[in-house]
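Participant: Fold the following.
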Amino acid sequence: MIAYTTLGTNYLDRAAKFYDALLGANGAKRLLETDRLIFWGVSMSVPMLAIAKPFDGKAATSGNGTMISLGVGSMAQVDELYRKALELGGTDEGVPGPRGPGGTFYIGYFRDLDHNKLNFFCPA
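Facilitator: Here you go, the predicted model:
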């Protein structure tokens, strides 16, 4: 079971504004914050998303093949939050639509301001 996922950033303040607006639109809020990292979620007992300046002091980079999927309750929410990510400066990686065998999933893919790949997901 996933407790939290961390994405690297080189610009903590800029990334924090992006995720405050994006995840706040899905009911999440900051749950933990230091000068190097911030956690968002709805509680500390369910999966959370964090951003952090790398602890080794090197530049943060986005992983090729790495992606975070954020679950929501409806296709309308996928559409809404995907659009919000783009409005906040994220970039398109695949418009929302049915995916998987027989269109089992409904997913919209985007990259955040640090080029990390994410998606909003729900069963179709």
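Participant: can we go C-alpha only for contacts and neighbour counts from here?
Facilitator: Noted.
Participant: The helix or strand containing residue 13: which residues count as buried?
Facilitator: Assessed by DSSP states H and E, residue 13 sits inside helix 12-24. Residues 12, 15, 16, 18, 19, 22, 23 are the ones in helix 12-24 that count as buried (16 or more other CA atoms under 10 Å).
Participant: Could you do stretch 63-79 as well?
Facilitator: Under 16+ other CA under 10 Å, the buried positions of stretch 63-79 are 67, 70, 72, 75, 77, 78, 79.
Participant: Please apply the same query to stretch 95-105.
Facilitator: 96, 97, 98.
Participant: Tell me how many other residues surround residue 117.
Facilitator: 23 (other CA atoms under 10 Å).
Participant: Could you double-check that it lies in contact with residue 92?
Facilitator: No - counting by CA atoms under 8 Å, no contact exists between residue 117 and residue 92, whose distance comes to 9.6 Å.
Participant: tell me, what's touching those two both at once?
Facilitator: Common contact partners of residue 117 and residue 92 (CA atoms under 8 Å, 6 or more residues apart in numbering): 109, 110, 111.
Participant: Keep only those of those that are in strands.
Facilitator: Within the shared contacts of residue 117 and residue 92, residues falling in strands by DSSP state E are 109, 110, 111.
Participant: what's the helix or strand where residue 86 lies packed up against?
Facilitator: Per DSSP H and E: residue 86 is located in helix 75-87. Contacts defined by 3 or more CA pairs under 8 Å, 6 or more residues apart in numbering; DSSP states H and E place helix 75-87 against helix 12-24, strand 91-99, strand 105-111, strand 117-123.
Participant: Residue 36 is nearest to which of those?
Facilitator: The closest of these to residue 36 is helix 12-24. By CA to CA, the value is 7.4 Å.
Participant: Helix 75-87 and that closest one, what's the angle between them?
Facilitator: Interaxial angle of helix 12-24 relative to helix 75-87 (axes from the mean of the first three to the mean of the last three CA atoms, to 10 degrees): 160 degrees.
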